[in-house]
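Enquirer: got a structure for you, letters missing:
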């Protein structure tokens, strides 16, 4: 049995024939059996080329070749040509598979967004106007609907008109302004006396307390003079320790424990230990910048520290309880008022599709309950009941209760 390799010009090979040849599965069982027997790619190829060498004139080349070397070169060229052809087929199939996967991913994302938008009512303003029976709903400056009566609106307008007049009067007649000021002071002194029985006075005191209260801390944290500046989110606490000279990480002694933080320069710690007497445990004599228990527990494995620009040490502490604010970093340091913290507003666009859909549903249900309207689940049940009524008009649903 002899096999002679005589390649034909590519133009004479029909595309359908080439496609069927590259995807021919008739010999898969035979090749699988050989692959299992040889146990490897190289042994498998050895058996193929051994067959061509021993049983065919593949390496000898076509009849009339000038030298044996010419036939071998033609055989090697033919193998490379076939190998490159199948490599191109593989890459093309892989590219099409990736494009198909990307299209399916985009289609899924579009479907999730469409479902989320469908759950949000398009005419919230009309529903809120229907919920108000006798009042007038106006759009406030903050973008929210404000229900108020016409008299309240006229009273507010009258108050605004009266402000310039009072200012003009005070400029033209100083004695009268002084009298008005004295009367205002007298009324202010009399207001606390009615706190026990006047609810309006109590509300005014609370509003005044809110206005006079401390401003929200920068970054929801604070400053410990001579030690560090810290900020926080619900998930983590960032402590920035200024370094008074260019410092590298190997020059620092930093230890983060579950309930303890220790920060210092190795040189200062060594100097303090050598100069201190035995058994002296004074907090200011140990050489550390920070060496105190933490106010709350942290996750040690997720906490880390780094040196930035050689001038400051940044310590990131991952909170163990990520649903509470810290009043301070270490025990004994100055604490902040956590009631003055203003958390960052979350953006629905930052949430994944499933979480965003859940949050929007909760917000919609809260608005519906406030307006006395059915929630999304209740409306779904009502729709099902309505369809059932249409299918069975002979039945009486006047006393039906939906649970």
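Expert: Sure thing, it's come through. This one's a predicted model, so the numbers in the text were calculated from it and none came from an experiment.
Enquirer: please enumerate the strands of this protein.
Expert: 136-139, 145-148, 222-224, 228-232, 236-242, 252-256, 260-265, 288-293, 298-308, 312-319 (DSSP state E).
Enquirer: who wins for proximity to residue 113 among these?
Expert: For residue 113, the closest of those is strand 145-148, at 26.7 Å, according to CB to CB. Using the backbone N, CA and C atoms, a C-beta is placed for each residue, glycine as well.
Enquirer: just to revisit the earlier point, ok, and which of the strands of the chain has the densest surroundings?
Expert: Comparing those by mean neighbour count (mean count of other CB atoms under 10 Å), strand 228-232 comes out on top with a mean of 21.
Enquirer: quick one: the strands of the chain as TSV, columns for distance to residue 41 and mean pLDDT too.
Expert: Output for these, formatted as TSV (distance: least, CB to CB, whole Å; pLDDT from 0 to 100):
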stretch	distance to residue 41	mean pLDDT
strand 136-139	73	48
strand 145-148	72	48
strand 222-224	65	92
strand 228-232	57	94
strand 236-242	50	94
strand 252-256	51	93
strand 260-265	57	93
strand 288-293	60	92
strand 298-308	43	94
strand 312-319	48	94
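Enquirer: out of these, flag the one nearest residue 363.
Expert: Nearest to residue 363, of all the strands of the chain, is strand 145-148, at 15.3 Å by CB to CB.
Enquirer: where does pLDDT dip in the stretch 251-400 of the chain?
Expert: Applying pLDDT under 70 to the stretch 251-400 of the chain flags residues 277-285, 343-351, 400.
Enquirer: beta partners for the residue lying closest to residue 223 once chain neighbours are set aside?
Expert: Spatial nearest neighbour of residue 223, excluding adjacent residues (CB to CB, 6 or more residues apart in numbering): residue 229 at 4.9 Å. Going by DSSP bridges, residue 229 is paired in beta bridges with residue 223, residue 240.
Enquirer: from what I can see residue 229 touches residue 237, true?
Expert: No: shown here, residue 229 and residue 237 do not form a contact pair, counting by CB atoms under 8 Å, at 11.6 Å.
Enquirer: shared neighbours of those two, anything?
Expert: The contact sets of residue 229 and residue 237 overlap at residue 221 (CB atoms under 8 Å, 6 or more residues apart in numbering).
Enquirer: can you give me the helices in the stretch 1-150 of the chain?
Expert: Per DSSP state H, counting those that start in this stretch, the stretch 1-150 of the chain carries helices over the ranges 15-22, 28-38, 41-55, 68-119, 124-131, 150-172.
Enquirer: among those, which gets the worst mean confidence?
Expert: Per-stretch mean pLDDT for the helices of the stretch 1-150 of the chain is lowest at helix 150-172 (a mean of 48).
Enquirer: just to check, residue 249 is in contact with residue 304?
Expert: No: between residue 249 and residue 304 there is no contact under CB under 8 Å: 11.4 Å.
Enquirer: ok, residue 313 to residue 251 distance?
Expert: For residue 313, the distance to residue 251 equals 10 Å [CB to CB, to the nearest Å].
Enquirer: hmm, I typed the wrong one, I wanted residue 52.
Expert: Distance, residue 52 to residue 251, by CB to CB: 69 Å.
Enquirer: just residue 221 next, same as before
Expert: In terms of CB to CB, residue 221 sits 26 Å off from residue 251.
Enquirer: rewinding a little: would a markdown table of the strands of the chain with distance to residue 92 be doable?
Expert: What follows is these, written out as a markdown table (distance: least, CB to CB, whole Å):
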| stretch | distance to residue 92 |
| --- | --- |
| strand 136-139 | 58 |
| strand 145-148 | 59 |
| strand 222-224 | 61 |
| strand 228-232 | 53 |
| strand 236-242 | 48 |
| strand 252-256 | 53 |
| strand 260-265 | 58 |
| strand 288-293 | 61 |
| strand 298-308 | 45 |
| strand 312-319 | 47 |
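Enquirer: tell me which of these sits nearest to residue 116.
Expert: When the strands of the chain are compared by CB to CB, strand 145-148 sits nearest residue 116, at 23.2 Å.
Enquirer: and for residue 44, nearest residue in space, chain neighbours not counted?
Expert: residue 38 (4.8 Å).
Enquirer: err, residue 302, not the other one
Expert: Leaving aside its chain neighbours, residue 302 sits nearest to residue 318 (3.8 Å; criterion: CB to CB, 6+ apart).
Enquirer: so that neighbour makes contact with residue 299?
Expert: Yes: in this structure residue 318 lies within contact range of residue 299 using CB under 8 Å: 4.3 Å.
Enquirer: follow-up on the earlier one: separation between the residue nearest to residue 223 and residue 333?
Expert: Residue 229 is 12 Å from residue 333, by CB to CB.
Enquirer: just residue 232 next, same as before
Expert: Remark: distance between residue 232 and residue 333 (CB to CB) = 14 Å.
Enquirer: check residue 317 too.
Expert: From residue 317 to residue 333 the distance is 14 Å (CB to CB).
Enquirer: what do you get for residue 314?
Expert: Separation of residue 314 from residue 333 (CB to CB) stands at 18 Å.
Enquirer: next one: residue 55
Expert: 88 Å.
Enquirer: please say which of those two ends up with more neighbours.
Expert: Neighbours per residue (other CB atoms under 10 Å) separate residue 55 from residue 333, with residue 333 holding more: 18 against 11.
Enquirer: contacting residues for the closest residue to that one other than its chain neighbours?
Expert: Excluding the flanking residues, the one nearest residue 333 by CB to CB, 6+ apart is residue 224, at 4.8 Å. By CB under 8 Å, 6+ apart, residue 224 lies in contact with 230, 329, 330, 333, 334.
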